[in-house]
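Enquirer: Sequence first, predicted coordinates after that:
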There are 2 protein chains.
Amino acid sequence: MAVIDRKKLILEAAAKSFSLFGYKATTMDQVAKLANVGKGTIYTFFKTKEELFDDIINSLIADIRFEVESVLDETSTILDNVNNVLVRIHAFRESHQLTIKLIQEERDMGTQTVVEAMQRVEQSIIQYMKGIIQKAIDKGEIKDCDPEVTAFVMLKMYFSLVIDWQRNHPPLKKEEIAKLFELYLLKGLLA
Amino acid sequence: MAVIDRKKLILEAAAKSFSLFGYKATTMDQVAKLANVGKGTIYTFFKTKEELFDDIINSLIADIRFEVESVLDETSTILDNVNNVLVRIHAFRESHQLTIKLIQEERDMGTQTVVEAMQRVEQSIIQYMKGIIQKAIDKGEIKDCDPEVTAFVMLKMYFSLVIDWQRNHPPLKKEEIAKLFELYLLKGLLA
DNA sequence: AAACTGACTAAAAAACTAATTTGGTCATTT
DNA sequence: AAATGACCAAATTAGTTTTTTAGTCAGTTT
């Protein structure tokens, strides 16, 4: 169509700016410039800067879910599924500037809006994982356990291995991380 | 002896102040007052405020190690040992104002000295755990694995369950945490 | 004279103020 | 009717002054 979809332009510009500079350092003037749009136009689509940001976070959550969905295979074993999801998420994270930038801003500046947003991302992932885990329990693939605690522990372990380990050691390769998941969480340490 | 042990007085006063107010908010004047000692006297024992603080952190590390040592039993199974250590550490943490205050200061203010100190505490615990885990491997109690990664994962899982889980849920009881450790790390999720 | 002290200083932090930036509005233009 | 950008109040930042604090050292005490 000849009519320009300004909302889309704005969302793209904002996503780019948030990825590049983070939440705080992104100004509405800048987004307007980047989107080739008057500042007022942004406010016909989004009530506040935070609402614009939240919209982009929702896309992020949807994207992550889509990535995971595209790799999950109901007929595979849980072990393969976990492995595949880990690899996919790993690739996603590396490619996705926005997540990296926001994690940074959360850590370094503690911007309230960003902290809350990441909290929401985490909660969404956990809720989604919960369903997957419940299915695995029903299928009898894994032991009976609280799906939410299990999702929580999995996610935390993943972040620990990917992010925290790097503080004092060379980073673990994605195959190593998958192996460790298998050993610690699925098979267990007991000989 | 009739002669007052000023070094001890200073260490006690400093420990108290650090526990009560944290690192930044503790002044050397305050420590001197609390210890009933001239400020200069502190500097005959400790070159800087940081050195004084590090000394106290070393005691903390030693205390933790002592607590763990007192509960470890070479003849017990790893399962029981893990369980006992968890319970002991839990009690220690709750009773030890200093750790609580410092974790708070690290999180809320990011005081560099405190971040580094807690880093050191964590590293010490991991190094210590490493030895215990290696023994368990040698005894054939647990599978062959990298003791350092294992120690790291255990510690992170513990903190996740104790600290992070509380953000969005009622806290887990210490028996629950022990059970979860058993399920996830030792026995594994696979049915 | 050896141990200890607290007034002193330079440097860091906090409080305050001025100047700038920015989120959001709305009268005007397209 | 949709879009705009000059405008404004509120928030941030930069710059300055004041206060606090780590560390020293001349002098006091034992």
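Expert: Done, it's in.

Enquirer: next helix or strand past the helix or strand hosting A:Glu51?
Expert: Assessed by DSSP states H and E, A:Glu51 sits inside helix A:49-69. As assigned by DSSP H and E, the chain's next helix or strand after helix A:49-69 is helix A:78-95.

Enquirer: helices or strands next to that following helix in the packing?
Expert: In terms of contacts (3 or more Cβ pairs under 8 Å, 6 or more residues apart in numbering or on different chains; DSSP states H and E), helix A:78-95 is packed against helix A:49-69, helix A:174-181. The C-beta positions use only the backbone N, C-alpha and C, and glycine is treated the same way.

Enquirer: thinking again about what came up before, relative to helix A:78-95, how tilted is the helix holding A:Glu51?
Expert: Using axes from the mean of the first three to the mean of the last three Cα atoms, to 10 degrees, one finds that helix A:49-69 and helix A:78-95 are set 140 degrees apart in direction.

Enquirer: Is DNA strand D within reach of helix A:49-69?
Expert: No - judged by Cβ under 7 Å from any atom of the strand, helix A:49-69 stays clear of DNA strand D, getting no closer than 11.1 Å.

Enquirer: and that helix, which residues are buried?
Expert: Within helix A:49-69, the residues that count as buried by 16 or more other Cβ atoms under 10 Å in any protein chain shown are A:49, A:52-57, A:60-61, A:64, A:67-68.

Enquirer: before we move on, the earlier item: can you list the helices and strands packed on helix A:78-95 in CSV and add mean pLDDT?
Expert: Formatted as CSV, the helices and strands packed on helix A:78-95 follow (pLDDT from 0 to 100):
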stretch, mean pLDDT
helix A:49-69, 95
helix A:174-181, 91
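
Enquirer: Put together JSON lines for the ones you listed, with distance to B:Lys143 on each row.
Expert: Putting the helices and strands packed on helix A:78-95 into JSON lines (distance: least, Cβ to Cβ, whole Å) gives the following:
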{"stretch": "helix A:49-69", "distance to B:Lys143": "29"}
{"stretch": "helix A:174-181", "distance to B:Lys143": "12"}
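
Enquirer: Which stretch among the ones you listed approaches A:Ser19 most closely?
Expert: Closest to A:Ser19 of those is helix A:49-69 (Cβ to Cβ; 9.2 Å).

Enquirer: Show me what that closest one packs onto, helices and strands only.
Expert: Applying 3+ Cβ pairs under 8 Å, 6+ apart, one finds that helix A:49-69 contacts helix A:6-21, helix A:78-95, helix A:97-108, helix A:112-138.

Enquirer: Same question for stretch A:154-171: list its buried residues.
Expert: For stretch A:154-171, the neighbour count (16+ other Cβ under 10 Å) marks A:154-162, A:164-165 as buried.

Enquirer: and if you look at stretch A:30-42?
Expert: Buried residues in stretch A:30-42 (16+ other Cβ under 10 Å): A:30-32, A:34-35, A:37, A:41-42.

Enquirer: Briefly note if stretch A:177-186 comes near chain B.
Expert: Yes - residues of stretch A:177-186 contacting chain B under Cβ under 8 Å from any Cβ of the partner chain: A:180, A:183-186.

Enquirer: Next step: those restricted to strands.
Expert: Nothing among those maps onto strands, per DSSP state E.

Enquirer: Go ahead and build a ChimeraX selection from the buried members of the residues you listed.
Expert: Only the buried entries of the residues of stretch A:177-186 next to chain B go into this ChimeraX selection, using 16+ other Cβ under 10 Å:
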select /A:180,183,184,185,186
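
Enquirer: Please name the nearest non-neighbouring residue to the residue of chain A found nearest chain B.
Expert: Chain B sits closest to A:Gly188 of chain A, with a gap of 2.7 Å, by Cβ to the nearest Cβ. Using Cβ to Cβ, 6 or more residues apart in numbering or on different chains and skipping the chain neighbours, the partner closest in space to A:Gly188 is B:Gly188 (2.7 Å).

Enquirer: centre of the chain versus the helix or strand bottoming out on mean pLDDT in chain A, how much separation?
Expert: Confidence across the helices and strands of chain A bottoms out at helix A:78-95, with a mean of 85, counting by mean pLDDT, DSSP states H and E. In terms of Cα atoms, centre = their mean, to the nearest Å, the centre of helix A:78-95 is found 12 Å from the chain centre.

Enquirer: Report the angle between that helix and helix A:97-108.
Expert: 80 degrees.

Enquirer: Buried residues in helix A:78-95, which are they?
Expert: A:78-79, A:81-86, A:88-90.

Enquirer: can I get those residues in a markdown table with distance to B:Lys130?
Expert: Output for the buried residues of helix A:78-95, formatted as a markdown table (distance: Cβ to Cβ, whole Å):
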| residue | distance to B:Lys130 |
| --- | --- |
| A:Ile78 | 30 |
| A:Leu79 | 28 |
| A:Asn81 | 32 |
| A:Val82 | 27 |
| A:Asn83 | 27 |
| A:Asn84 | 32 |
| A:Val85 | 30 |
| A:Leu86 | 25 |
| A:Arg88 | 32 |
| A:Ile89 | 29 |
| A:His90 | 27 |
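
Enquirer: In terms of distance to A:Leu102, which of the residues you listed ranks first?
Expert: A:Ile89 (15.7 Å).

Enquirer: Okay, that closest one and A:Phe152: tell me how far apart.
Expert: Note on A:Ile89: its distance to A:Phe152, by Cβ to Cβ, to the nearest Å, is 16 Å.
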